[in-house]
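Chemist: structure of the sequence below:
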Amino acid sequence: MWRWLLFLPLLIVIVLFAVSNMQPVQVGLWPFDLTWQTPLALAVLLIAALAFLLGAFIAWAAGGPSRRRARARIRAGEAAQAELNGLRAKEAKRVEAETIARDQAMYSGTGSTAVRVIG
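Modeler: I've put the predicted structure just below:
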């Protein structure tokens with residue numbers, strides 16, 4: 001919804017500009033001696049669109065190193081999380097083994113057995 005509230009005024013201005021500037025102009029490219037005749041609005045909007053795309057490409061390319069570092073940090077975080085999960089599982093097994101050994105030692109001389117409820 002918010003996109004349309006921001007996009008709609010810009011679209012209206014572009015359409016009004018295009019409708020208001022329909023007189024033909026001659027557009028040329030200097031070193032190649034190319035010329036063609038087109039409506040002024042088309043020439044201006046085409047150049048603006050090309051400039052926008054060029055700027056978007058430059059911004060995207062400039063963000064490349066940041067995206068690369070972010071991917072590397074995500075991979076490092078996933079590796080650290082996997083290592084942490086492994087260490088937690090190993091510690092849980094160690095604690096379980098110690099608890100069982102302690103329970104067996106505590107009940108070894110009494111003739112009864114320890115019953116563990118896991119849940």
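Chemist: which stretches in this protein count as helices?
Modeler: Secondary structure of the chain by DSSP state H: the helices cover 2-20, 40-62, 64-106.
Chemist: tabulate the ones you listed (CSV), appending distance to residue 26.
Modeler: Placement of C-beta: from N, CA and C, glycine included. As requested, these are arranged in CSV below (distance: least, CB to CB, whole Å):
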stretch, distance to residue 26
helix 2-20, 19
helix 40-62, 9
helix 64-106, 40
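Chemist: distance of the spatially most central residue of the chain relative to residue 76?
Modeler: Nearest to the centroid of the C-alpha atoms of the chain, with distances taken as CA atoms, centre = their mean, sits residue 67, at 8.3 Å. As defined by CB to CB, to the nearest Å, residue 67 lies at a distance of 15 Å from residue 76.
Chemist: how about residue 10?
Modeler: Distance of residue 10 to residue 76, given as CB to CB: 41 Å.
Chemist: ok now the lowest-mean-pLDDT helix or strand in the chain, how far from the chain's centre?
Modeler: Counting by mean pLDDT, DSSP states H and E, the weakest-scoring helix or strand in the chain turns out to be helix 2-20, with a mean of 86. A distance of 29 Å separates the C-alpha centroid of helix 2-20 from that of its chain, computed with CA atoms, centre = their mean, to the nearest Å.
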